[in-house]
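Trainee: give me coordinates for this.
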Amino acid sequence: MDSPSDNEKINQIINYLENIESRISRLESRLDIDPPSAESDIKLSPNFSNSLSVNTDSLENEIGQFWFAKAGTVILIIGLIFLLTFPYQNLPSAFPGIAGYLFAGVLFLLSHYWRDSLKFLSQYIFGSALLLLFFSTLRLHYFGKNPVIESITLEIIFLVLITVLHLIISYKRKSVYLTALGITFVAVTALISNNFYSLFILLLILSSFIVFLKLKYVWNGIFIYGIIIVYLTGLIWVINNPFIGNQLELQNPPFLYVISLLLYAAIFTSGNLLRLNKKTEDPTVIVSTILNCFMSYALFFFITLLKFNEVFALSNLAASIIFLSLSILFWLREESKYSTFIYSMLGYLALSVAIISQFPKPDFFIWLCWQSLIVISTAIWFRSKIIIVANFIMYLIIFFTYLVLADKISAVTLGFGIVALVSARILNWKKDRLDLKTEVMRLFYLGAAFFIFPYALYYIVPKEYISLSWTIAAVFYYTVSVILKNKKYRWMAILTFLLTVIYILLIGTTGNESIYRIISFIVLGFVLLIISIFYGKMKSKKELRS
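Mentor: Numbers count the residues shown, from 1 in each chain. Below is the predicted model:
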């Protein structure tokens, strides 16, 4: 049978669509639904090439009108700046600066003239005029052999006035781009002042202003940019500001410099701490917190290490208190998950640095070990599973590092086992407060204690008393299990007894003197018999109850 022709196929499709339309009409009439108006009918474009042509014209207009405007403005202002830096030997020294002011004035007039007809171009030109105004003022002192303004103090005053004017205009216009440019002007002014106290005051005001904008307009991009600019400015100054021709070297800053770093960190923290939406921590909060913590403490650490070594430990202890206090504020105010974790971990890091710098090797290892109790206590309060796990990993790293670096195993090693037992007890004590399962972590800590005590006693006590010391440790575990009614400690005791038995049978029968060997066998056998009797009575009581 021949296949239907194309016309027949089209007629079949039309009939099929008409059938569907009639059914829909019947459904609309039964459900009392008004049919769509003729204006809402979807009309397919009869010619796809017309649509493609419109899109192409739109892209062409976008490039020609907006992209070229931006590129042309940037290229023009760069050209004018190069023109102002050109040495004019046969002209008065004030000529470049005056010419720059005239160019800026022309740009201001053009921006005003085009404010309605070419609004987008007017905004670009206005920002360029402000930049040219700042650079022209800079030209009065720099880039020439005979500066118009010889006093750097007077030059800084003029730059500050222009920058303040710029920021006021930016604030009134609510312009993010102009504000970013103004922030850059403040940083440049602070750097060319080449004076720490001017730098400190300007950056202090700038960081406060950035936080104000963050809280007022929720300008997250400005907030992150401001954090980077403030710390980067502090870094450039302390390496002797090589961008103005100075030799690259580390300066001798006053101690106020390291204090200012913590102060900037606290100010920027308030930008996130006082934000309106405290229910969620968006990526901006997390990124800004990481930048603030990393940049502030990195500068703080290296400057205190290289220039204030005599108070290095005390300085890091103060930094630890500040960062831990900020983490507590985040927890109390909003029960933050990420900010609390970041600030607390930085606080623990600063505390570790203070401990390592204060105590000699290997003594600082035991102090680091005891520090983990502080970490785990605050982690339980913060309900942070991440901190608890990270703390256990650090505990293991500290212990094994101690084993590698210590000249000999001393009684200090027992402290690691005590910390492990106390940590496991704290986790069990506050397990109802946590929103996480701590059973595995408790087993890890108890496992660490089970390994550490026999290992430490093996090196600490005389060889003839090793089995006796292990027996005492096992009895201690049994005693704790009875007091706390916890089976885990009984299993630790059983395993310790088994370890003791293996040691006595393999090593104790050959290595010790006869008297000590006899005492070890008698004591261990006596204790094992008592425990056996204890278990027998427990079984009898259970059978009587059943």
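Trainee: okay, now the unreliable bits of the stretch 51-200 of the chain?
Mentor: Per-residue confidence for the stretch 51-200 of the chain (pLDDT under 70) gives these ranges: 51-70, 72-73, 77, 86-89, 91, 144.
Trainee: what residue spans form the domains of the protein?
Mentor: The chain breaks down into these structural domains: 360-460, 465-546 (assignment by automatic domain parsing).
Trainee: now those domains in CSV, with mean neighbour count?
Mentor: Any C-beta I mention is one placed from the backbone N, CA and C, and that applies to glycine too. Written out in CSV, the entries for these read as follows (neighbours: other C-beta atoms under 10 Å):
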stretch, mean neighbour count
domain 360-460, 18
domain 465-546, 15
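Trainee: of all those domains, which lies closest to E334?
Mentor: Smallest distance to E334 across the domains of the chain (C-beta to C-beta): 12.0 Å, for domain 360-460.
Trainee: for the closest residue to F399 other than its chain neighbours, give its distance to V238.
Mentor: Once its chain neighbours are removed from consideration, F399 has its nearest residue in F416; the separation is 5.2 Å (C-beta to C-beta, 6 or more residues apart in numbering). Computed as C-beta to C-beta, to the nearest Å, the F416 to V238 distance reads 40 Å.
Trainee: how about I156?
Mentor: I156 sits at a distance of 19 Å from V238 (criterion: C-beta to C-beta).
Trainee: swap in V375?
Mentor: From V375 over to V238 the distance is 32 Å, taken as C-beta to C-beta.
Trainee: just I494 next, same as before
Mentor: Counting by C-beta to C-beta, the separation of I494 from V238 is 60 Å.
Trainee: since we're on F196, how many residues are nearby?
Mentor: F196: 18 surrounding residues under other C-beta atoms under 10 Å.
Trainee: that one is in contact with V258, isn't it?
Mentor: No - the pair F196 and V258 does not pass the contact test of C-beta atoms under 8 Å, sitting 11.6 Å apart.
Trainee: quick one, what contacts the residue nearest to F399?
Mentor: Contact partners of F416, counting by C-beta atoms under 8 Å, 6 or more residues apart in numbering, are I366, C369, Y395, F399, Y402, A448, I452, A456.
Trainee: at 6 Å instead, please
Mentor: Under the criterion of C-beta atoms under 6 Å, 6 or more residues apart in numbering, the neighbours of F416 are C369, F399, I452.
Trainee: possible to save those residues as a markdown table with secondary structure?
Mentor: Converted to a markdown table, the contacts of F416 look like this (DSSP: H, G, I helix; E, B strand; the rest coil):
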| residue | secondary structure |
| --- | --- |
| C369 | helix |
| F399 | helix |
| I452 | helix |
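Trainee: pLDDT and distance to G105 for these - can I get that in TSV?
Mentor: Converted to TSV, the contacts of F416 look like this (pLDDT from 0 to 100; distance: C-beta to C-beta, whole Å):
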residue	pLDDT	distance to G105
C369	87	69
F399	87	71
I452	88	78
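Trainee: if we can go back for a sec, quick one: closest of the domains of the chain to Y348.
Mentor: Relative to Y348, the nearest member of those by C-beta to C-beta is domain 360-460, separated by 5.5 Å.
Trainee: any idea how far apart the tips of the closest one sit?
Mentor: When the termini of domain 360-460 are compared using C-alpha to C-alpha, to the nearest Å, they are 21 Å apart.
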